[in-house]
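Following is a predicted model, sequence given first.
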Amino acid sequence: MIQTDSKGGIFRISRSKLRKALTYVYFKRTVIRKDLEPYSSFTSALLGICQNIFQKISKVFHLKNGLFRLSLKGIRFFASGLERDPALLKCLHQLNGHFVLFNYFQLHSSKWLEYLEEYDMYAIIDSGAFSMYQRKQKSNKQPYQQMNLLPNDEMEQLTLEGYAAFINQHKHNKRILGFFPLDVIGEPLKTKENYLKLKQLTNGKIYPVWQVTDSLESLEELIKEEYEMIGVGGIVPFLAKRQDKVEKILKRLFSTFPDVNFHFLGGANELLVKYNWFSSDSTAFLNARKSTKQRKVYLENGYRVKAPEHMSTEEIIKNNLQFLLSLECYKPLQLSLI
């Protein structure tokens with residue numbers, strides 16, 4: 001039972017509706033008042049109750065017109081690279097993981113939709129931009145290449161149109177949470193251009209991407225649009241030799257915009273634990289498959305060390321998945337004296 005201050009009116013929100021609303025907040029992890037309309041007509045009161053219940057594990061971002069967005073702290077991990085791997089999807093399900101990132105270019109049949117249902121998974125669909133970047137980097141190192149039949153701009157436009165058609169086909173599927181656009185690593189202007197083109201071709205839920213090589217002013221423009229989440233891209237190529245540069249950018253990013261929900265595209269290293277990300281995706285938990293040098297397991301601080309000899313590849317993968325999934329349980333960041 002709730003009483004209003006203004007007119008002294010009394011209204012009720014049933015326990016069953018409240019429980020459903022709280023379950024939804026746990027699932028979605030970020031809500032505004034409108035999101036709670038299915039659970040009560042008194043959405044402002046319901047959001048206030050949710051804020052009070054989650055106050056120790058949440059943050060509030062103030063929106064236009066005096067409204068706000070409530071977001072839970074902790075990092076939701078979207079396991080990548082499992083589009084055609086039902087065995088690992090089953091393993092993820094058994095570990096109580098329910099969120100994946102699927103690469104558009106890997107979805108050649110409808111089998112992936114069956115996997116989402118069978119293993120109770122929810123997906124964000126990625127455009128496959130990083131895969132395209134990797135292929136381009138490899139092809140540039142080859143002395144002889146098969147010439148593309150179309151110029152790059154025309155190929156990119158065809159890719160955008162195909163991706164938009166895919167989004168329009170699947171945008172109402174309850175198992176799909178949203179889509180990342182066709183970002184261009186190292187090219188912020190091209191990333192913006194592709195995003196705007198995609199928005200013209202579809203009204204599906206597109207999460208914008210900000211490249212770390214872009215300006216904070218450009219990011220501010222995205223934040224003003226009040227998206228529920230913004231992807232941060234272009235980090236992974238810098239990790240080998242320029243991580244110090246990335247660290248400086250991230251420190252400024254999170255100190256300037258502490259209440260914005262940022263998704264670490266391709267991130268699963270110590271930077272994931274070091275900053276208050278909202279979510280991330282990566283195939284890093286699968287690295288033990290690639291070579292013996294990658295047989296590593298996570299420490300609590302996000303660094304990886306050589307796995308014990310007795311651990312099988314499958315055990316290493318499972319161990320790393322467990323660690324990444326555990327990040328959703330919010331733990332305050334510890335101050336370092338080093």
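Okay, I see it.

Asn225: neighbouring residues, count only.
Quick fix: residue 225 is Glu, not Asn. 8 (other Cβ atoms under 10 Å). In short, each C-beta sits where N, CA and C put it, glycine included.

Setting the sequence-adjacent residues aside, check what's closest to it.
Excluding its sequence neighbours, the residue lying closest to Glu225 (Cβ to Cβ, 6 or more residues apart in numbering) is Pro208, at 7.6 Å.

right, and that neighbour touches Lys224 too?
No - using Cβ atoms under 8 Å as the test, Pro208 is too far from Lys224 to be in contact (11.5 Å).

Of the two, give the one with the bigger neighbour count.
Legend: neighbour count by other Cβ under 10 Å for Pro208 and Lys224, higher for Pro208 (22 against 9).

residues in contact with the more buried one?
Pro208 makes contacts with 181, 195, 222, 225, 227, 230-231, as judged by Cβ atoms under 8 Å, 6 or more residues apart in numbering.

Just to be sure, which of these are found in strands?
Taking DSSP state E, the ones among these that sit in strands are 230-231.

The contacts of Pro208 in helices, which ones?
Per DSSP state H, helices hold the following members of those: 195, 222.

Distance to Thr23 and pLDDT added to the contacts of Pro208, as TSV?
Below are these laid out as TSV (distance: Cβ to Cβ, whole Å; pLDDT from 0 to 100):
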residue	distance to Thr23	pLDDT
Pro181	30	93
Tyr195	32	91
Leu222	30	95
Glu225	28	95
Tyr227	24	96
Ile230	26	98
Gly231	26	96
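
List buried members of the contacts of Pro208 by neighbour count.
Among the contacts of Pro208, those buried by neighbour count (16 or more other Cβ atoms under 10 Å) are 181, 195, 222, 227, 230-231.

which stretches of this protein form helices?
Under DSSP H, the chain gives helices at 15-28, 43-53, 86-94, 111-118, 129-140, 152-170, 188-201, 216-224, 243-256, 270-274, 313-326.

among those helices, where is the model least confident on average?
Lowest mean pLDDT within the helices of the chain: helix 129-140, at a mean of 52.

Contact partners for Gln294?
Going by Cβ under 8 Å, 6+ apart, Gln294 touches 287-288.

Apply 10 Å and report the result again.
Counting by Cβ atoms under 10 Å, 6 or more residues apart in numbering, Gln294 makes contact with 284, 286-288, 304, 306-307, 313, 316.

Which member of the contacts of Pro208 is positioned nearest Ala21?
If you rank those by distance to Ala21 using Cβ to Cβ, Tyr227 comes first, at 22.2 Å.

Look up the closest residue to that closest one, ignoring the ones flanking it.
Nearest one to Tyr227, counting by Cβ to Cβ, 6+ apart, is Pro208 at 5.9 Å.
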